[in-house]
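Engineer: Here is the input, now give the coordinates:
(one chain, ligands or ions: 2)
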Amino acid sequence: MLILAIETSCDDTCAAVLDGGHVLANTISSQAAAHADFGGVVPEVASRHHLELAAPVVTAALAEASVSLDQVEAVAVTAGPGLIGALLVGVSTAKAIAAPRQLPLIPVDHLQGHVAANFLEPEPLEPPFLCLVASGGHTLLAGVRDQAGYELLGQTLDDAAGEAFDKVARLLGLGYPGGPALEKLAREGDPEAFPMPVAMSRDPGLDFSFSGLKTALVYLCRDLGEDAVAERRADLAASFQAAAVGQLVAKLERALKRGDWKAVALGGGVAANGPLREAVSELCERRGVRLKLVPLALCTDNAAMIASAARFAKPIPYPNYLAYDAFPTKQPADGPEASK
Ligand code: KG4
Ligand code: ZN
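Structural biologist: Ligands and ions are numbered 1, 2, ... in the order given. All right, here's what the predicted structure looks like:
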């Protein structure tokens with residue numbers, strides 16, 4: 001089936017065309033520059049940019065795929081969770097494309113999308129596997145036993161991992177998004193320079209917490225004073241990164257020990273982090289588990305992963321979706337099935 005997918009849950013306007021598991025086009029228009037001055041994503045700015053970019057990005061994806069709208073058989077869209085104003089642009093655009101052609105609409109849960117990036121060609125990963133999704137908005141461990149859903153094994157109780165990277169990067173005077181800049185700075189620093197609190201170490205579960213680590217950095221910088229912070233930025237970055245990566249890997253190892261998982265996958269923007277990739281790869285090697293790392297363009301927000309999830313989700317036939325709504329936080333009872 002030829003699927004056109006749209007993703008506008010945060011600050012990237014994305015469209016993709018999929019033929020089965022093959023990605024024919026995966027177009028992303030990043031708004032990062034528009035939000036950089038604010039040090040983070042501004043919801044209203046994001047909505048307005050999506051309004052301007054949605055149609056051109058869809059047109060670009062269709063052109064890249066050499067596909068006309070007549071050939072599209074279903075329209076998939078991220079229905080939530082995310083910024084409501086941003087989601088509404090994607091859902092309305094998808095409905096506006098699908099309805100006149102009486103095509104089915106396939107609403108997709110954004111997090112299921114991150115998991116489904118692993119089902120794309122080449123070398124799609126067959127469940128069962130463990131998937132660690134760490135992005136600017138979410139941090140979770142998913143136990144994936146089939147392509148249509150996942151079991152939520154653990155999630156962050158406060159900040160997302162990427163959010164912590166962004167906030168600490170800002171504290172150290174780095175631009176937005178902070179993750180890549182912090183990783184670069186940390187290369188020149190000593191990860192053991194400052195002892196960091198080990199979050200959730202006494203908690204036997206698989207949940208995460210990053211706000212204590214962020215607060216520890218805030219107090220450390222305050223105690224050190226401006227000059228010392230400026231001098232030791234690389235050490236601060238390296239120490240924070242080691243603690244954040246350490247927590248992600250520790251929880252992944254705990255989940256591996258508890259289940260009979262044969263493969264691990266990473267998703268979300270933080271999966272671009274070199275030290276995280278190295279640590280997870282070392283862990284998988286040590287435990288004799290396969291590691292699947294999709295290309296970075298499929299780790300960060302994109303619409304190919306939404307189309308991939310749509311292949312295994314329930315389409316809503318025309319005209320039953322005309323009143324379908326986006327959901328900002330959690331899925332409604334009658335919404336797409338993200339976790340079972
Ligand atoms: O998946 P994504 O593109 O969007 C969300 O759904 O949030 O993830 C973006 C997040 C940002 O917080 C960014 O700082 C973080 O991923 N990130 C990184 C790296 N590259 C991106 N964090 C750590 N190290 C990186 N290399
Ligand atoms: Zn995401």
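Engineer: Return the helix or strand in the protein with minimum mean pLDDT.
Structural biologist: helix 32-36 (a mean of 77; mean pLDDT, DSSP states H and E).
Engineer: helices or strands up against it?
Structural biologist: helix 43-65 (3 or more Cβ pairs under 8 Å, 6 or more residues apart in numbering; DSSP states H and E). All C-beta atoms are positioned from the backbone trio N, CA, C, and that covers glycine.
Engineer: After the helix it packs on, which helix or strand is next?
Structural biologist: strand 74-80 (DSSP states H and E).
Engineer: Adjacent strands (with direction) for that following strand?
Structural biologist: Its sheet considered, strand 74-80 pairs with strand 2-7 (parallel), strand 105-109 (parallel) by DSSP bridges.
Engineer: For the last one, list the C-alpha coordinates in CSV.
Structural biologist: C-alpha atoms of strand 105-109 as CSV (Å, rounded to 0.1, in the frame of the first residue of the first chain):
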residue,chain,number,x,y,z
LEU,A,105,-7.0,8.2,7.4
ILE,A,106,-4.6,6.4,9.8
PRO,A,107,-4.0,8.2,13.0
VAL,A,108,-0.6,7.2,14.6
ASP,A,109,0.7,7.6,18.1
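Engineer: Following the chain past it, name the next helix or strand.
Structural biologist: Past strand 105-109, the next helix or strand by DSSP H and E is helix 110-116.
Engineer: which strands and helices sit next to that following helix?
Structural biologist: Using 3+ Cβ pairs under 8 Å, 6+ apart, helix 110-116 sits against strand 74-80, strand 129-134, strand 139-146, strand 149-155, strand 263-267, helix 304-310.
Engineer: Enumerate the positions of the fourth one that are buried.
Structural biologist: Right, the one you point to is strand 149-155. 149, 150, 153, 154, 155 (16 or more other Cβ atoms under 10 Å).
Engineer: What's the mean pLDDT across that strand?
Structural biologist: For strand 149-155, mean pLDDT rounds to 96.
Engineer: What of stretch 110-129?
Structural biologist: Per-residue scores along stretch 110-129 average to 97.
Engineer: What is the end-to-end distance of it?
Structural biologist: 19 Å (Cα to Cα, to the nearest Å).
Engineer: Okay, and the residue of the chain most remote from its centre sits in which element?
Structural biologist: Seen from the C-alpha centroid of the chain, the residue lying at the greatest distance (Cα atoms, centre = their mean) is residue 227, 35.6 Å away. Per DSSP H and E, residue 227 falls inside helix 226-231.
Engineer: list the helices and strands that helix packs on?
Structural biologist: Secondary elements touching helix 226-231 (3+ Cβ pairs under 8 Å, 6+ apart): none.
Engineer: Around ligand 2, pick out the residues from the stretch 51-200 of the chain.
Structural biologist: residue 135 (Cβ under 5 Å from the ion).
Engineer: where does the chain dip in pLDDT?
Structural biologist: Scanning the chain for pLDDT under 70 picks out the ranges 330-340.
Engineer: hmm, back to that, hmm, who's touching the helix holding residue 227?
Structural biologist: Helix 226-231 is contacted from outside by 172, 221, 236, using Cβ atoms under 8 Å, 6 or more residues apart in numbering.
Engineer: Relative to residue 48, which of those is nearest.
Structural biologist: residue 172 (29.8 Å; Cβ to Cβ).
Engineer: Am I right that that closest one is in contact with residue 236?
Structural biologist: Yes: counting by Cβ atoms under 8 Å, residue 172 does reach residue 236; the two are 6.2 Å apart.
Engineer: name the helices or strands packed onto the top helix by length along the chain?
Structural biologist: As assigned by DSSP state H, the longest helix anywhere in the chain is helix 233-258. Helix 233-258 is packed against strand 129-134, strand 139-146, strand 149-155, helix 161-171, helix 178-186, helix 211-224, helix 274-287, with contacts defined by 3+ Cβ pairs under 8 Å, 6+ apart.
Engineer: Could you look over the ones you listed and pick the most buried one?
Structural biologist: strand 129-134 (a mean of 27; mean count of other Cβ atoms under 10 Å).
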